[in-house]
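1. can't give you the sequence, but here's the structure:
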């Protein structure tokens, strides 16, 4: 598995982030930390990993869709503005994952491409900066 | 509720079990199952939201069927079948059953949720050319996505990866079994109603206790429908 992850790390550079919403906010799931990620980091020596500065995304120059139109996840008949976490392109979530662009939406989640800012192999830095 | 939407709880629980199992398992099938590399929660206005981190994937098998005009070679179907059976072997060894919701339609009417069973839309193919991801990022900087701003939130338009589709997927893209929103973990047998009727295993129809074998039945039906004539595939 580590081999497969190493491959991912070396070639993909970005991670898909899916945003879930719990219909019952009173229920919180305490999970043991998923150590796969950390296991991966520990396989590379610390000197090869460096934090990346978040990219700046444009704040103007995009098309503004009129309020009268129904856009993407709004088409679900149960949609409310609280149905999905208000992810914005450029946000850094969990101090770690910068949202790069939207990949899609489903019934219970929106799907975004992200970059892990914390543990990018050094060899990738020149491509990102 | 009119529909069973699947749940975050089930998906998170399944990913937790699968990640744990993947650490020690030598099964070839684990490369054909989507895993969560990280999971965290954030609160916003007293609501709690879950986040799962996955590997980026290309497109689903349904899309591949469309662009190939549903003319898959027998070799391709054989290999795909073998790989997904390996995927099922891995999740079953970990005690996870994919199951699937009872929704009747693979191509639901707008506004209704898609089905969560083992079907072409839930089998994704690995990206052929990972540089498309970076290209899409640069495109987002040059031409930011259209969006609608409301008082509470911002709705973005989805960005398509740059084409041609050969950059997303090709006939050698490995399949990955996704969508564990209806997955069951922790028990050997269950009794609730699962699966859309066309893919439903006999024991589920008969209200008998069911277990991991329902996934094999479901997948067998899927292979049958994928390889059947276009006319048959219209039924589902």
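-> Alright, I've got the coordinates. If you're wondering where the values come from, they're calculated on a predicted model, not measured in any experiment.
2. can we go C-alpha only for contacts and neighbour counts from here?
-> Fine.
3. Excluding covalently adjacent residues, which one is nearest to residue B:152?
-> Using C-alpha to C-alpha, 6 or more residues apart in numbering or on different chains and skipping the chain neighbours, the partner closest in space to residue B:152 is residue A:81 (6.3 Å).
4. Helix, strand or coil: sort out the one you found for me.
-> coil (DSSP: H, G, I helix; E, B strand; the rest coil).
5. cool, the one 4 residues further on as well?
-> Going by three-state DSSP, the secondary structure assigned to residue A:85 is coil.
6. Neighbours of it, how many?
-> 23 (other C-alpha atoms under 10 Å in any protein chain shown).
7. you'd agree it is up against residue B:49?
-> Yes. At 6.4 Å, residue A:85 counts as touching residue B:49 under the criterion of C-alpha atoms under 8 Å.
8. Can the lengthiest helix in chain B be said to contact chain A?
-> Using DSSP state H to define each element, chain B has its longest helix at helix B:74-93. No. On the criterion C-alpha under 8 Å from any C-alpha of the partner chain, helix B:74-93 is out of touch with chain A, staying 12.9 Å away.
9. In that helix, which residues are buried?
-> B:80, B:81, B:83, B:84, B:85, B:86, B:87, B:88, B:89, B:90, B:91, B:92 (16 or more other C-alpha atoms under 10 Å in any protein chain shown).
10. cool, stretch B:140-156 as well?
-> Buried residues in stretch B:140-156, counted by 16+ other C-alpha under 10 Å: B:140, B:141, B:144, B:145, B:146, B:147, B:148, B:154, B:155, B:156.
11. Repeat that for stretch B:176-196.
-> B:176-185, B:193-196.
12. got it, and stretch B:10-24?
-> Of the residues in stretch B:10-24, B:10, B:11, B:12, B:13, B:14, B:15, B:16, B:17, B:18, B:19, B:21, B:22 count as buried by neighbour count, 16+ other C-alpha under 10 Å.
13. Remind me what the helix or strand where residue B:62 lies packs against, helices and strands.
-> Applying DSSP states H and E as the criterion places residue B:62 in helix B:61-67. Contact partners of helix B:61-67 among helices and strands, from 3 or more C-alpha pairs under 8 Å, 6 or more residues apart in numbering or on different chains; DSSP states H and E: strand B:123-125.
14. Tell me which residues are up against the strand it packs on.
-> B:57, B:58, B:59, B:60, B:61, B:169, B:173, B:174, B:175, B:176, B:177, B:178 (C-alpha atoms under 8 Å, 6 or more residues apart in numbering or on different chains).
15. Chain A: which of the residues you listed is nearest?
-> residue B:57 (8.5 Å; C-alpha to the nearest C-alpha).
16. Need the pLDDT of the residue nearest to that closest one when sequence neighbours are not counted.
-> Spatially, and ignoring its direct neighbours in sequence, residue B:57 is nearest to residue B:126 (4.8 Å; C-alpha to C-alpha, 6+ apart). As predicted, residue B:126 sits at a pLDDT of 94.
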